[in-house]
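Engineer: Below are the sequence and a predicted model for it; my questions follow.
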Amino acid sequence: MNALTVHAPVLLVAVPLLGAFATPLIGKLGRRTRDLFVGLIVAVTAALAGLLAANFFASGAAPSVYVLGGRAFNMPLPSGMMVPIRILFEVDGMSAFMTLITALVTLAGAYFSFSYWKERSGGSMYYSLLLLLTAGIFGMELTGDMFNFFVFLEITSIAACGLIGFRVWLRKSQEAGFKVMTLYTLSGLFVLLAIALLYGQHGALNIGFLASQIGSIGASLVDKIALGLLLTGLAMKAGAVPLHMWAPDAYGEAPAPMSAVLVANSQASLYALFRVLFTLFGVGATLSANGWILIVFAMLTIFVGVTMALVQSDIKRLIAYGAVSQIGYMLLGVGVGLVRRASLLAGGAALADKADALDYGFVAMQGGIFHMLNDAACIGLLFLTTGAVIRASGTRDLNKMGGLAHRMKWTTIFFIIGAFALAGIPPFNGFASKFLIYEASFKLSPFLSVIAILSSIMLLAVFVKAFQGAFLGSKTGLSDAGEAPFGMLLPMAVLALVVIAFGLFPGFFVDTIVTPAARALWLGPSEYIGAVLGGG
Amino acid sequence: MGGINSGFGAWNPIAWTLLFLGILIIGFFVRSIGRKDYKRGTDQTQPFLSGNPEPEAAEALHVRGENLYWGMVHGLSGYYQRVRAWHTGILNDYVAWFIGALGLVFVILFWIG
């Protein structure tokens, strides 16, 4: 057990990666064997993520490193060298938190797919791409090296494009896959250019080392250009408005369970954005400006996402725009935290004391980070219910649906839970995180809270529309709609339970997993650097 | 364990849920002491549709998703004309937004930051 815990960071990437390449071979043995194999791989990966996070959060540990290719896996600096050169994973509160999100969503998505994709061909490639995407996301969340980050970013891009355009018999699916491929490539190139600039400037790729260099000598012109490229490229992959145009196409055209996993992919980019802003450029003159950039993105994302969702008649695109709007809440929480942190640093205040005293900047970050987990569960649940609805009714058009609640009672209940949670209705989990974001952002500017609350109310209206269109109405006019099979209901039930549990006991989850994640960013790069270079 | 504290406000979902359940029970109690002498299957138990007769075709009673917020969307038509015009679906435009956003980020970073 201890060895598993120690090697969990590398296993979290290696297990799904090996699974991805083995799946087409195992698929030759038949569908049942392949599904069993994929189920096992996903379950083992989720267990590893749980083990890693449980070990980290239970011990209250400082960031730890895992080095590949060295004499010892915990020795980042080869003897006689000042710069870490090896492939390195680094686990802190934020990365451990992110692995939990990825594990939860991929587990639900994969097990839902066993029933959802049962009668369709190409299952081996489908699961292969899913596992590849999972490996890439875990890699992005755990790596401590900029170039490795780019490699994992590209792995997720390739796998995600494959999944979005997987249904090649659908014209729109191919079109969405092509659009996303182009934009992901553009984003990846900008990230690569930024990494090249940082390497040229500092002669290293290790995030901890780069952070120490930028922190000690200050951000140069080249560093700032790299920051701009990283910020825009990662905001695009996260789906922030006005760089969100690909998201409704991608979420809308991907198979429903993969839309849920794509949300985890977007959140991995959001995590990377936060890592860049708090760790890589966590000390310097541009902190306040970075925070305001996030807030501007957040306001646009929240409002445009919700208002565009309101006019959709395609249920999947409606949920997709809802998913876009939620990215805005995460950006708002963390953006407010960044602005406040900049002013505290300028005033010479101790950040740890402010975190303990629940300063509004820290609370905003708790809210934004907690919302990442809540959003993954709610949106994941909504995409799964949407998949069941489309499968049963044979259409995505809300104008052609109706009366599904008569025959899909469980799916209806799960949809209501997901919709209420995402719209921030108490006592579900979305309310808990939005409560923290509203209260904290009000302290910075009431305008931010007003827009966020109004948009949340509009989001409820959006889901009333979807619910009225799909589930209410008479039985007549239905196709042969029936309740989703047990294999699809079970993952939905698990996500619904998560939504309810996080909603009823937010204090427990905030204290155990959210606060360490928020502290890892809030306190800046010193602990992260210390784990690599020593000394803290 | 259940609640959260924002430093200047608090949220306790367990207390809220208990209160909600209490109100629900009171609601059911009030309903249970209501009149029971109505006649089922007569006009007394029919839905009131502004005095109009109930349509025979049950489908006609269902307001379709597209129609639900027609008035609101119509009222915001000026906004929607603009915001929908951004979403052309053309890849070139997506890239143009990306470049534009990059320019804006650089302006903020170099001039304000």
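Structural biologist: Looks like it arrived, so ask away.
Engineer: was I right about A:Gly50 contacting A:Ala103?
Structural biologist: Yes: the pair A:Gly50 / A:Ala103 is scored as a contact, 6.6 Å apart, by C-beta atoms under 8 Å. Where C-beta positions appear, they are placed from N, C-alpha and C, glycine not excepted.
Engineer: Which of these two has more residues huddled nearby?
Structural biologist: A:Ala103 (25 against 15; other C-beta atoms under 10 Å in any protein chain shown).
Engineer: Show the contacting residues for the more buried one.
Structural biologist: A:Thr45, A:Ala46, A:Ala49, A:Gly50 (C-beta atoms under 8 Å, 6 or more residues apart in numbering or on different chains).
Engineer: Poorly predicted segments of the stretch 1-150 of chain A, please.
Structural biologist: Residue ranges of the stretch 1-150 of chain A with pLDDT under 70: A:1, A:61, A:79-80.
Engineer: where does it come near chain B, residue by residue?
Structural biologist: Nowhere does the stretch 1-150 of chain A come near chain B, counting by C-beta under 8 Å from any C-beta of the partner chain.
Engineer: Closest residue of the stretch 1-150 of chain A to chain B?
Structural biologist: A:Phe57 (15.7 Å; C-beta to the nearest C-beta).
Engineer: give me the element that residue is part of.
Structural biologist: helix A:31-59 (DSSP states H and E).
Engineer: now for that helix, which elements pack on it?
Structural biologist: If you count contacts as 3 or more C-beta pairs under 8 Å, 6 or more residues apart in numbering or on different chains; DSSP states H and E, helix A:31-59 packs onto helix A:2-27, helix A:93-116, helix A:123-142.
Engineer: check contacts around the most centrally placed residue in chain B.
Structural biologist: The centroid of chain B falls nearest to B:Tyr69 when counting by C-alpha atoms, centre = their mean (9.9 Å). If you count contacts by C-beta under 8 Å, 6+ apart, B:Tyr69 has them with A:Leu310, A:Ala461, A:Lys465.
Engineer: Need the three-state assignment for B:Thr88.
Structural biologist: In three-state terms, and counting by DSSP: H, G, I helix; E, B strand; the rest coil, B:Thr88 is coil.
Engineer: Dihedrals phi and psi, it?
Structural biologist: With angles defined as degrees, to the nearest 10, B:Thr88 sits at phi -80, psi -20.
Engineer: same deal with A:Glu483?
Structural biologist: Main-chain dihedrals, A:Glu483, degrees, to the nearest 10: phi -60, psi 150.
Engineer: the helices in chain B, which residues?
Structural biologist: Applying DSSP state H to chain B gives helices spanning B:13-32, B:70-75, B:77-86, B:91-107.
Engineer: residues near residue 33, how many?
Structural biologist: With no chain named, the answer covers chain A. A:Thr33 has 12 neighbours, counted by other C-beta under 10 Å.
Engineer: Please refer instead to chain B.
Structural biologist: Quick note: B:Ile33 (other C-beta under 10 Å) scores 7 neighbours.
Engineer: Also A:Leu193?
Structural biologist: Neighbour count for A:Leu193, taken as other C-beta under 10 Å: 15.
Engineer: Go through the host helix or strand of it and flag the buried ones.
Structural biologist: If you go by DSSP H and E, A:Leu193 is part of helix A:171-202. Residues of helix A:171-202 classed as buried: A:173-177, A:179-184, A:186-188, A:190-192, A:194-198, A:201-202 (neighbour count, 16 or more other C-beta atoms under 10 Å in any protein chain shown).
Engineer: again with stretch A:216-235
Structural biologist: A:219, A:223-235.
Engineer: mind putting those residues in a markdown table, pLDDT and secondary structure included?
Structural biologist: Formatted as a markdown table, those follow (pLDDT from 0 to 100; DSSP: H, G, I helix; E, B strand; the rest coil):
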| residue | pLDDT | secondary structure |
| --- | --- | --- |
| A:Ala219 | 85 | coil |
| A:Asp223 | 93 | helix |
| A:Lys224 | 93 | helix |
| A:Ile225 | 94 | helix |
| A:Ala226 | 95 | helix |
| A:Leu227 | 95 | helix |
| A:Gly228 | 95 | helix |
| A:Leu229 | 96 | helix |
| A:Leu230 | 96 | helix |
| A:Leu231 | 95 | helix |
| A:Thr232 | 95 | helix |
| A:Gly233 | 95 | helix |
| A:Leu234 | 96 | helix |
| A:Ala235 | 95 | helix |
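Engineer: Report the entries of these that also contact chain B.
Structural biologist: Among these, the ones lying close to chain B by the criterion of C-beta under 8 Å from any C-beta are A:Lys224, A:Ile225, A:Leu227, A:Gly228, A:Leu229, A:Leu231, A:Thr232, A:Ala235.
Engineer: Looks like the first one contacts B:Ile112 (just checking).
Structural biologist: Spelled out, it's A:Lys224. No: taking contacts as C-beta under 8 Å, A:Lys224 lies outside contact range of B:Ile112: 12.0 Å.
Engineer: Spell out which parts of the stretch 251-400 of chain A neighbour chain B.
Structural biologist: A:285-286, A:288-290, A:292-293, A:304, A:307-308, A:310-311, A:313, A:357-360, A:363, A:398-399.
Engineer: check which helix or strand covers the one residue in the stretch 201-350 of chain A that gets nearest to chain B.
Structural biologist: When scored by C-beta to the nearest C-beta, the stretch 201-350 of chain A has A:Ala289 as its residue closest to chain B, at 3.0 Å. Element membership of A:Ala289 [criterion: DSSP H and E] is helix A:287-310.
Engineer: quick one: the next helix or strand after that helix to helix A:287-310, angle?
Structural biologist: Going down the chain from helix A:287-310, the next helix or strand is helix A:315-346, by DSSP H and E. On the basis of axes from the mean of the first three to the mean of the last three C-alpha atoms, to 10 degrees, helix A:315-346 is oriented at 160 degrees to helix A:287-310.
Engineer: Show me what helix A:315-346 is packed up against.
Structural biologist: Under the contact definition 3+ C-beta pairs under 8 Å, 6+ apart, helix A:315-346 sits against helix A:246-253, helix A:256-275, helix A:287-310, helix A:351-356, helix A:360-393, helix A:429-444, helix A:446-470, helix A:515-522.
Engineer: Let's have those in TSV, adding mean pLDDT and distance to A:Met125.
Structural biologist: Formatted as TSV, the helices and strands packed on helix A:315-346 follow (pLDDT from 0 to 100; distance: least, C-beta to C-beta, whole Å):
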stretch	mean pLDDT	distance to A:Met125
helix A:246-253	93	17
helix A:256-275	95	12
helix A:287-310	94	32
helix A:351-356	85	46
helix A:360-393	95	19
helix A:429-444	95	34
helix A:446-470	94	31
helix A:515-522	94	35
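Engineer: Quick one: closest of those to B:Gln81.
Structural biologist: If you check each of those against B:Gln81 by C-beta to C-beta, helix A:287-310 wins as the nearest, at 12.3 Å.
Engineer: Extract the CA atoms of that closest one and return them as CSV.
Structural biologist: What follows is helix A:287-310, C-alpha atoms only, in CSV (Å, rounded to 0.1, in the frame of the first residue of the first chain):
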residue,chain,number,x,y,z
LEU,A,287,-0.1,40.2,-10.1
SER,A,288,-3.0,42.7,-9.9
ALA,A,289,-3.2,43.0,-13.7
ASN,A,290,-3.3,39.2,-13.9
GLY,A,291,-6.2,39.1,-11.5
TRP,A,292,-8.2,41.8,-13.3
ILE,A,293,-7.6,39.9,-16.6
LEU,A,294,-9.2,36.8,-15.0
ILE,A,295,-12.1,38.9,-13.6
VAL,A,296,-12.8,40.4,-17.1
PHE,A,297,-12.8,37.0,-18.6
ALA,A,298,-15.0,35.8,-15.8
MET,A,299,-17.7,38.5,-16.2
LEU,A,300,-17.9,37.9,-19.9
THR,A,301,-17.9,34.1,-19.5
ILE,A,302,-20.7,34.1,-16.9
PHE,A,303,-23.0,36.5,-18.7
VAL,A,304,-22.5,35.5,-22.3
GLY,A,305,-22.5,31.8,-21.4
VAL,A,306,-25.9,32.0,-19.6
THR,A,307,-27.6,34.3,-22.1
MET,A,308,-26.5,32.1,-25.1
ALA,A,309,-27.8,29.0,-23.2
LEU,A,310,-31.2,30.7,-22.9
